[in-house]
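# Pasting a predicted model and its sequence here:
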Amino acid sequence: MTRTTARTGNLVERVSQALRAEIAKGHLKPGDRLPSEARLTEVHGVSRTVVREAVAALRADRLVEARQGAGVFVLEAAPVEPAPFQNIDYVRLSSVIEMLELRTAVEVEAAGLAATRRSALQEERILDAFRAVGAAIASGQPTTSVDYDLHLAIAEATNNPRFTEFLALVGSKVIPRHAIERAEAAPTAYLSQIQDEHDRIVTAILSGDEEAARQAMRVHLRGSQSRYRALLRG
């Protein structure tokens, strides 16, 4: 890329961003006509080519449209599509079960891949995360974030970034505790059971046993589904 081309690209971006800001702030409302090319050239101190490319970028994003013989007009903002997994109500047990079913589909395979692909450094990270869960249980501290970190460490050990991206997308709330802890007479016993399940997952991964890792993760997540379904029925 030549210096002239790079400079032109920077100018286009600058003018495009300035017009986007005017629209976002409401200074240019839906139905308003953009200033003429000549006026934009004068205001921004750029060439007509730069102005045309900046307006073309806005057209590509459906922020404006050209009307033959009339000019370029601001469009109504398109409705914002909700981001995936942002409308989940983690207080509702049915939502918890839905997410556990999805996690099972993803994390069973993650455990198997981690068993065959993990590095020595990733083994250490998994062990550290596992021990952090145990320490939180022993000290009576909340376990949600450390539990999530363990599952994240396993996802990282697949060396496929999409598994990590999935867990990052759904966030730590994917490991809820409140419903179980409200209903269980002995939440510490419940958490100890969860940690035993974690132990079997971690042991299988560190042993390089792909099928055992998958099975241990499957038992862990399906067991959680069963516990939440029992609460839902109760």
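Yep, it's here. Source: prediction; values computed, not measured.
# From here on, just use CA atoms for contacts and neighbour counts.
OK.
# Centroid-nearest residue for this structure?
By CA atoms, centre = their mean, the chain has its centre lying nearest to L169, at 1.8 Å.
# what separates it from L152, distance-wise?
Between L169 and L152 the computed distance is 11 Å (CA to CA, to the nearest Å).
# The most far-flung residue of the chain relative to its centre: what secondary structure?
In terms of distance from the mean C-alpha position of the chain, G69 ranks first, at 44.8 Å (CA atoms, centre = their mean). Three-state call for G69 (DSSP: H, G, I helix; E, B strand; the rest coil): coil.
# tell me the contacts of it?
Contact analysis of G69 by CA atoms under 8 Å, 6 or more residues apart in numbering lists nothing.
# Give me the pLDDT value at it.
At G69, the pLDDT value in this model is 87.
# repeat for S94
Predicted confidence (pLDDT) for S94: 72.
# repeat for R131
97.
# where do the helices sit along the protein?
With DSSP state H as the criterion, the chain has helices at 3-24, 37-44, 48-60, 93-117, 120-139, 144-156, 161-170, 178-183, 187-206, 210-233.
# Turn those into TSV, including distance to P30.
Output for the helices of the chain, formatted as TSV (distance: least, CA to CA, whole Å):
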stretch	distance to P30
helix 3-24	8
helix 37-44	18
helix 48-60	13
helix 93-117	38
helix 120-139	52
helix 144-156	44
helix 161-170	33
helix 178-183	46
helix 187-206	55
helix 210-233	48
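# Nearest to E76, out of these?
Comparing the helices of the chain against E76 with CA to CA, the closest turns out to be helix 3-24 (10.2 Å).
# if you average pLDDT over the closest one, what comes out?
81.
# quick one on the thing from earlier: quick check: the gap between the residue farthest from the centre of the chain and A105.
56 Å.
# What of P142?
For P142, the distance to A105 equals 26 Å [CA to CA].
# How is this structure divided into domains?
3-74, 93-233 (automatic domain parsing).
# Give me whichever of those domains is most buried.
Sort the domains of the chain by mean neighbour count, taking mean count of other CA atoms under 10 Å, and domain 93-233 sits at the top with a mean of 18.
# could you point out where this structure is predicted with low confidence?
Across the chain, the ranges flagged by pLDDT under 70 are 1-9, 79-93, 172-187, 231-234.
# Can you verify my assumption that E197 contacts Q215?
No. Using CA atoms under 8 Å, E197 is not in contact with Q215; the gap is 10.7 Å.
# Enumerate every residue touching A136.
Taking CA under 8 Å, 6+ apart, we find A136 in contact with 142-143, 146.
# Check the gap between it and T188 for me.
Taking CA to CA, one finds A136 at 11 Å from T188.
# do the same with S207
From S207 to T188 the distance is 28 Å (CA to CA).
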